[in-house]
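*Asks:* 3D model of this:
(one chain, ligands or ions: 3)
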Amino acid sequence: MNIAQNIAAGLDRILTMEVVRVTERAAVAAARLRGRGDEKAADQVAVDAMRQELNRLAIKGTVVIGEGERDEAPMLYIGEEVGTGKGPAVDIALDPLEGTTICAKNLPNALAVIAIAEKGSLLFAPDVYMDKIAIGPGYPEGLIDIDASPEENLANLAKAKGVAVSDITACILDRPRHARLIDAVRATGAAIRLIGDGDVAGVIHTTDSDETGIDIYLGTGGAPEGVLAAAALRCTGGQMLGRLILDTPEKVARAQKMGISDPKRVYRAQDMARGDVLFAATGVTDGNLLDGVKFGRTFITTHTVVLRSSSRTVREIKARHQDLDKF
Ligand code: VTB
Ligand code: MG
Ligand code: MG
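*Replies:* Numbers count the residues shown, from 1 in each chain. Ligands and ions are numbered 1, 2, ... in the order given. The predicted model follows:
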């Protein structure tokens, strides 16, 4: 397929490489404020840097998952038009600093992330919570069930993996709302990796359980982060189910305005991110799959993963940036 055919068919292949700069730039900006205890400042510089680099891309982009009310970031809002305006029309989901608190505390797995998809193919999710469950590739379709108990899901996963339940590790956000879930998982004998923030990384970690030691992601986190994680899983394989938590009439109405008619719908990864999807993440702090930004004396090193759904390619890009003025 040549480039012209590629543009006609969906996402431009060139974008696969171009998009790396966008997350790299956001990650470097945020990394400068690692461990400073100032979440807002780190988020702000990441947003500004991502926006600046995004506007250099030859796309006609619309942000559909952006900085919501919850993070209170001033830019890259839902509906914002980004890119040069000359190029394919695409929808964009982004989080310039996923894990603002992680970055402020300089703990593992803060990321700069973006997903680019064909127009109309990302779930237009309100900024509410989403119940999520995810496992990596190589398991029979339908193995996990969002309505089954944690005991059942863990038993089925252990059986399919050919190990005892006690050899399974679940990743769960450390929140009071998960107290019962945590007890239920521990009662099975499985281990839990409790994370302070960063459930996009948590979900992605299931896709390489040999490396990360995480087999399954469970619990509720942000719906925007759910769509970003789904985009990544579309590219790596793996299964994810998500259901918006629309527990007040106000949230149901908000979702309805965004085109969601069934408030109880269970979304699979392929329902949240359809068609041809590109996903990129650059490590801000050191993590299980990506190294954080390193500030050397003469260059800055970044570590990025770029995924594409149509080819299921996983590219890891370690870059040395010598032009320090640019950052
Ligand atoms: C998660 C986590 C994010 O929001 O989605 C979380 O992955 C969910 O909200 O890093 P609560 O913090 O209210 O539990 C973040 O922490 C922030 O975007
Ligand atoms: Mg954010
Ligand atoms: Mg976030």
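*Asks:* ok, Leu33 - contacts?
*Replies:* Shown in contact with Leu33 (Cβ atoms under 8 Å, 6 or more residues apart in numbering): Ala41, Ala42, Val45, Cys103, Ala104. Any C-beta I mention is one placed from the backbone N, CA and C, and that applies to glycine too.
*Asks:* now do the buried residues in stretch 151-171.
*Replies:* Neighbour-count burial for stretch 151-171 flags Asn153, Leu154, Ala155, Asn156, Leu157, Ala158, Lys161, Val165, Ile168, Thr169, Ala170, Cys171 (criterion: 16 or more other Cβ atoms under 10 Å).
*Asks:* close to ligand 1, is it?
*Replies:* No. Interface with ligand 1: stretch 151-171 contributes nothing (Cβ under 6 Å from any ligand atom), its closest point being 10.7 Å away.
*Asks:* would you turn the buried residues of stretch 151-171 into TSV with distance to Gln52?
*Replies:* TSV is the format used below for those (distance: Cβ to Cβ, whole Å):
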residue	distance to Gln52
Asn153	42
Leu154	44
Ala155	49
Asn156	46
Leu157	42
Ala158	47
Lys161	44
Val165	48
Ile168	43
Thr169	39
Ala170	38
Cys171	33
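*Asks:* sorry, back to before: closest to ligand 3 out of the contacts of Leu33?
*Replies:* Ranked by distance to ligand 3 (Cβ to the ion), the contacts of Leu33 are led by Cys103 at 10.7 Å.
*Asks:* now do the closest residue to that closest one other than its chain neighbours against Arg56, distance only.
*Replies:* Spatial nearest neighbour of Cys103, excluding adjacent residues (Cβ to Cβ, 6 or more residues apart in numbering): Ala110 at 4.2 Å. Distance of Ala110 to Arg56, computed by Cβ to Cβ, to the nearest Å: 24 Å.
*Asks:* so for the two, which residue has more residues nearby?
*Replies:* The residue with more neighbours, out of Ala110 and Arg56, is Ala110; 32 against 14, by other Cβ atoms under 10 Å.
*Asks:* next, find the distance separating that one from ligand 2.
*Replies:* Distance, Ala110 to ligand 2, using Cβ to the ion, to the nearest Å: 11 Å.
*Asks:* same check on Ile114?
*Replies:* Noted for Ile114: a distance of 11 Å to ligand 2, by Cβ to the ion.
*Asks:* direction included, what does the helix or strand containing that residue pair up with?
*Replies:* Assigned by DSSP states H and E, Ile114 belongs to strand 111-118. Take DSSP bridges as the rule and strand 111-118 pairs in its sheet with strand 89-98 (antiparallel), strand 277-283 (antiparallel).
*Asks:* I'd like those strands written out as JSON lines, with distance to ligand 1 added.
*Replies:* Listed next are the strands paired with strand 111-118 as JSON lines, based on distance: least, Cβ to the nearest ligand atom, whole Å:
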{"stretch": "strand 89-98", "distance to ligand 1": "5"}
{"stretch": "strand 277-283", "distance to ligand 1": "13"}
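*Asks:* strands along the stretch 151-300 of the chain, start to end?
*Replies:* Assigned by DSSP state E, counting those that start in this stretch, the strands in the stretch 151-300 of the chain fall at 169-173, 191-195, 216-222, 239-244, 267-268, 277-283, 294-295, 300-308.
*Asks:* which of the ones you listed is buried the deepest?
*Replies:* Most buried of those by mean neighbour count (mean count of other Cβ atoms under 10 Å) is strand 277-283; its value is a mean of 28.
*Asks:* mean confidence for the strand holding Ile114?
*Replies:* For strand 111-118, mean pLDDT rounds to 97.
*Asks:* quick one: contacts of the helix or strand following it?
*Replies:* Proceeding N to C from strand 111-118, the next assigned helix or strand is strand 129-135, under DSSP H and E. For strand 129-135, contacts defined as Cβ under 8 Å, 6+ apart pick out 143-146, 153, 157, 199, 203, 206, 215-223, 225-226, 229, 233, 238-245, 269.
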